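In: coords please:
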Amino acid sequence: MSALSSYLDMLLQEIESLGLQPPSRDVRVIEISQIRRVSPDGTYHVQQNELRKPVDYESRFDELLATGYSWLNMSCCGFHDSSLIVMIEVPGPGTLYPGCFTSVNTSWRTPPDGAEWDVAWLLTIE
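Out: Model (predicted):
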């Protein structure tokens, strides 16, 4: 099992342990760096083709782990087109420590009150 698959399984188990039942386990991964700015509307704007299947993102995730960032955030953001969107947040270069272990922090991003599981509150997918 790849590192990405292990962390995704852990994230989904955490979500389910909170009593939340995602309507699907079909996952898409989006990478967000601290360099990418939030738009004036309060969302990150991303392209549809940036949403990748986990199998297509595994080597990039391994690369990020090997680079030596002090942390990566893996957050479940909700759904888009029946896929569970998981955002990988990559810190800026100030947190690089080549050769050091990278901590992967998993979380569920809670939408604002009354919002559905849709990612529109956080991501604008174009």
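
In: And the residue nearest the centre of the chain?
Out: Centroid-nearest residue in the chain, with C-alpha atoms, centre = their mean: residue 87, separated by 1.6 Å.

In: Just the pLDDT for it.
Out: The model reports residue 87 with a pLDDT of 94.

In: Check residue 38 too.
Out: Listed pLDDT for residue 38 reads 69.

In: could I get the strand ranked longest in the chain in PDB with only the CA atoms?
Out: The residue-count maximum for a strand in the chain (DSSP state E) belongs to strand 71-80. C-alpha atoms of strand 71-80 as PDB (Å, rounded to 0.1, in the frame of the first residue of the first chain):
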ATOM      1  CA  TRP A  71       4.500  19.200   7.600                       C
ATOM      2  CA  LEU A  72       1.800  18.500   5.000                       C
ATOM      3  CA  ASN A  73      -1.900  19.000   5.600                       C
ATOM      4  CA  MET A  74      -4.300  16.500   4.200                       C
ATOM      5  CA  SER A  75      -7.900  17.800   4.500                       C
ATOM      6  CA  CYS A  76     -11.200  16.400   3.400                       C
ATOM      7  CA  CYS A  77     -13.100  19.300   1.900                       C
ATOM      8  CA  GLY A  78     -16.400  17.800   0.700                       C
ATOM      9  CA  PHE A  79     -17.700  16.600  -2.600                       C
ATOM     10  CA  HIS A  80     -17.500  17.700  -6.300                       C
END
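
In: buried sites along that strand?
Out: Buried residues in strand 71-80, defined by neighbour count with 16 or more other C-beta atoms under 10 Å: 72-80. Where you see a C-beta, it was placed from the backbone N, CA and C, and this is true even at glycine.

In: Now render those residues as CSV, adding pLDDT and distance to residue 13.
Out: What follows is those, written out as CSV (pLDDT from 0 to 100; distance: C-beta to C-beta, whole Å):
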residue, pLDDT, distance to residue 13
72, 96, 18
73, 95, 17
74, 96, 13
75, 93, 15
76, 91, 11
77, 88, 17
78, 87, 18
79, 88, 18
80, 91, 22
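
In: Pull the most distant pair out of the residues you listed.
Out: Largest separation among those by C-beta to C-beta: 72 and 79, giving 22.1 Å.
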